[in-house]
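S.K.: Return atomic coordinates for the entry below.
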Amino acid sequence: MVKSRPTSMQPKSSTGSRSGTKIENDISTAVLALSKGEIVSFGDVAAKAGHPKAARAAGAVLAKSGDALPWWRVVYADGQVPPCNPSLQVERLLAEGVQIRGFRVLSSPLGRFKRPDRIEVS
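M.R.: Just a heads-up that it's a prediction; the model follows:
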């Protein structure tokens with residue numbers, strides 16, 4: 001039996017509405033607004049969504065979103081990639097021009113880890 005995505009994480013309808021809680025909708029909107037190569041932390045997402053103390057809620061929303069949201073653009077505040085499917089996340093981040101060493105973001109084109117002078121990885 002195939003599990004369906006929770007109702008709160010269903011893609012937007014043609015009218016643009018979602019059927020989730022306000023915080024789920026706010027977090028989803030904030031994550032959907034991230035551009036290619038824009039890497040942020042869970043706390044950044046929560047703050048952008050208007051819920052600055054809800055970093056864990058941001059993680060929970062992303063954990064159940066599947067590929068409906070660009071979850072791979074969100075990492076821990078120190079740049080560490082979360083432990084849930086890190087290889088796939090690193091693969092997607094590299095495809096967006098993000099520099100990574102091990103499972104930590106060193107530099108990204110946009111967002112929290114944007115560096116004026118990109119770091120050379122040896």
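S.K.: now the chain, which segments are flagged as low pLDDT?
M.R.: Applying pLDDT under 70 to the chain picks out residues 1-18, 117-122.
S.K.: For it, which segments count as helices?
M.R.: For the chain, the helices defined by DSSP state H cover 22-32, 42-48, 55-63, 86-95.
S.K.: which one of the ones you listed lies closest to residue 111?
M.R.: Closest approach to residue 111 among the helices of the chain is made by helix 42-48 (7.6 Å; C-beta to C-beta). (C-beta placed from N, C-alpha, C; glycine too.)
S.K.: tell me what the closest one is packed against?
M.R.: helix 22-32, helix 55-63, strand 74-75 (3 or more C-beta pairs under 8 Å, 6 or more residues apart in numbering; DSSP states H and E).
S.K.: Turn these into a markdown table, including distance to residue 106 and mean neighbour count.
M.R.: Converted to a markdown table, those look like this (distance: least, C-beta to C-beta, whole Å; neighbours: other C-beta atoms under 10 Å):
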| stretch | distance to residue 106 | mean neighbour count |
| --- | --- | --- |
| helix 22-32 | 22 | 19 |
| helix 55-63 | 22 | 20 |
| strand 74-75 | 11 | 28 |
